[in-house]
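S.K.: Okay, sequence plus prediction incoming.
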Amino acid sequence: MSFEAGWYAVAIAEGLEPGTSAGTRLFDKEIVVWRDQDGASHAWEDRCPHRGMRLSFGFVRGNHIACLYHGWQYDTAGQCRYIPAHPNLEVPDTIKVVTYPSAEAGGLVWIWSEMTTEAPVPPPADFAARPVRSLYVERSAESIAAAFVSGALGDFEASGPSVFETVIDGARLRLALQPFTAERSALHIVRLGGEADPTAIAAWSEGLRRGLEAPLPVRCAAPAAHAGA
Ligand code: FES
């Protein structure tokens, strides 16, 4: 199983407070996800166009994000609007952060995996969901998806290339896979229905992480050939 260009969950929406930013990765590309003071979320390349500082280290100021290094400020479209060293300068339109299409649906922040102005397909449909947690797993997204499909770690139903559902302790959970790097992934988990004992869900999710990170079964070695056989 391999993942293609598409919409991927990168955060639990409720965990991204207004006025905050967070750095993440998708297919090893560094991305800053931030929420402005009006409540809208944004996903951009995590790189200031000035000298490359990570914007996730910066500060949200109203509906701008300010770079930590020299304080350049970018508006919600990624356009640089203010350079502290030249406060009266009308900033050229060319100074702009690369942005990704993003959306919120089903309690998650989704981004289109390619840098483009508009995603070729609409984002996932919205639905009611409650946040559970994000789980970080030292394993590739492909092998996690394969483990879910195999049934080796329980009953998981695929509801999209990177989205799976299961029922734990009476609660229906949705798990959205985020391919971080070749060997690291995140699972963003929301509850679609049913009541859940938080302790049982916490124990299950830790067990799931351990199961996913467990070494693959060792194959039996072929018998050594004997001299003269
Ligand atoms: S590196 Fe961002 S303002 Fe200079």
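M.R.: That came through fine. Numbers count the residues shown, from 1 in each chain.
S.K.: Next up, the contacts around the residue nearest the centre of the chain.
M.R.: Against the mean C-alpha coordinate of the chain, by CA atoms, centre = their mean, the closest residue is Val10 at 1.9 Å. Residues near Val10 by CB atoms under 8 Å, 6 or more residues apart in numbering: Thr24, Leu26, Ile31, Val33, Ala43, Val109, Trp110, Ile111, Gln178, Ala186, His188. The C-beta positions use only the backbone N, C-alpha and C, and glycine is treated the same way.
S.K.: Does the fourth one lie in a helix or a strand, and which?
M.R.: Right, the one you point to is Val33. Using DSSP states H and E, Val33 falls within strand 29-35.
S.K.: Listing partners with orientation, what would you give for that strand?
M.R.: strand 20-26 (antiparallel), strand 41-45 (antiparallel) (DSSP bridges).
S.K.: would you turn those strands into CSV with mean pLDDT and mean neighbour count?
M.R.: Listed next are the strands paired with strand 29-35 as CSV, based on pLDDT from 0 to 100; neighbours: other CB atoms under 10 Å:
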stretch, mean pLDDT, mean neighbour count
strand 20-26, 97, 18
strand 41-45, 97, 22
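S.K.: Could you export the ones you listed as CSV, including distance to Ala5?
M.R.: As requested, the strands paired with strand 29-35 are exported to CSV (distance: least, CB to CB, whole Å):
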stretch, distance to Ala5
strand 20-26, 11
strand 41-45, 15
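S.K.: wait, which of those is closest to the ligand?
M.R.: Between the ligand and the strands paired with strand 29-35, the shortest gap by CB to the nearest ligand atom is with strand 41-45, which sits at 12.6 Å.
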